[in-house]
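> here is a sequence together with a model predicted from it:
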Amino acid sequence: MRVALTLLDRIRTEIRKNRYSIQTENAYYGWIRQLMLFHDKLHPKDMDENERPRRAHSSINAGK
């Protein structure tokens, strides 16, 4: 039986394939998770054209 992996599980798998350090893996995982939560778990294809740049710009400026 094949188990479907979540996006974050697939990201961890790819990071480990590339042999990044555990600290780098945790940092990338955290950043991606925060970005996903910021976007209310919306897939980019479900956002309209005007929403994508505005949300991306907001997430960048929120960290300052």
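Everything's here; your move.
> remind me which residues of this protein are low pLDDT?
1-4, 43-44, 50-64 (pLDDT under 70).
> can you pull out the helices in it?
7-17, 22-38, 51-62 (DSSP state H).
> tell me which other helices or strands the first one touches.
What that stands for is helix 7-17. Counting by 3 or more Cβ pairs under 8 Å, 6 or more residues apart in numbering; DSSP states H and E, the packing neighbours recorded for helix 7-17 are helix 22-38. For the C-beta atoms, the positions are set from N, CA and C on the backbone; glycine is no exception.
> on that earlier part again, how about the helices of the chain, which one is nearest Lys45?
Closest to Lys45 of the helices of the chain, according to Cβ to Cβ: helix 51-62, at 9.9 Å.
> now the helices of the chain as TSV including distance to Lys45?
As requested, those are exported to TSV (distance: least, Cβ to Cβ, whole Å):
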stretch	distance to Lys45
helix 7-17	14
helix 22-38	14
helix 51-62	10
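> need these in CSV (columns: mean neighbour count).
Listed next are the helices of the chain as CSV, based on neighbours: other Cβ atoms under 10 Å:
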stretch, mean neighbour count
helix 7-17, 13
helix 22-38, 13
helix 51-62, 12
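> phi, psi of Asp48?
The main-chain torsion angles of Asp48 are listed as degrees, to the nearest 10 and equal phi -80, psi 170.
> I should have written Lys41 there, sorry.
According to degrees, to the nearest 10, Lys41 has phi 60, psi 30.
> that one: neighbour count?
Lys41 has 9 neighbours, counted by other Cβ atoms under 10 Å.
> residues contacting Tyr28?
Ile11, Ile15, Tyr20 (Cβ atoms under 8 Å, 6 or more residues apart in numbering).
> quick check: end-to-end length of stretch 38-49?
17 Å (Cα to Cα, to the nearest Å).
> can you check stretch 12-22 too?
Distance across stretch 12-22, first residue to last, is 10 Å (Cα to Cα).
> residues contacting that stretch, please?
With Cβ under 8 Å, 6+ apart as the test, stretch 12-22 has contacts from Leu5, Thr24, Glu25, Tyr28, Tyr29.
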